[in-house]
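# Need the 3D shape of this:
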Amino acid sequence: MSYETFQTEKPILIDTGIANGAVTARRFVGFDDAQITVKGTQAKGVIMEDADSGDTYSFASVGTALVMAGEALSKGVQVTSNALGKAVVAGQGEHINGVTKYAQSLVNHLVEIQIGGT
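Below you'll find the predicted structure:
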């Protein structure tokens, strides 16, 4: 059995916002309170639950969070958001939204990240 199965999250700060469009749990959210739709955009946190436009939602902004992987990710890599709000390896000039705590070899499965780039 893979350790990937046992990943948890330890958010230190959970905040709330008013969804600017529908948001999906376990995706990155931008400072405009919309789910990120442009690869490499800076995130303010990870959405904790689905919400419709105009509804209150919560997001983790400090600590660790589980986010949906948009590609296979190694342990300790800097990640950004893809156009679906999922974690992908950050490229040159893209915002670092987190660092993976563990590897996740499966796309569309959760991976634990340290929120932020450091």
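# Near the closest residue to Gly116 other than its chain neighbours, how many other residues are there?
Sequence neighbours aside, Gly98 is the residue nearest to Gly116 in space, at 6.4 Å (criterion: Cβ to Cβ, 6 or more residues apart in numbering). Backbone N, C-alpha and C define where each C-beta goes, glycine included. Using other Cβ atoms under 10 Å, Gly98 has 27 neighbouring residues.
# just Leu13 next, same as before
Counted with other Cβ under 10 Å, Leu13 comes out at 11.
# For the residue nearest to Gly116, list each beta-bridge partner.
Val79, Ile115 (DSSP bridges).
# Ok, Met68 next?
Leu110.
# so who does it touch?
Contacts for Met68 (Cβ atoms under 8 Å, 6 or more residues apart in numbering) come out as 26-27, 85-87, 108-111.
# if you set the cut-off to 10 Å instead, what comes out?
Contacts for Met68 (Cβ atoms under 10 Å, 6 or more residues apart in numbering) come out as 24-28, 46-47, 82, 84-87, 104, 107-111.
# what about the protein, any weak spots by pLDDT?
For the chain, the stretches with pLDDT under 70 are 1-6, 117-118.
# for it, what spans make up the strands?
For the chain, the strands defined by DSSP state E occupy 11-18, 28-29, 45-47, 56-68, 78-81, 87-89, 98-100, 110-115.
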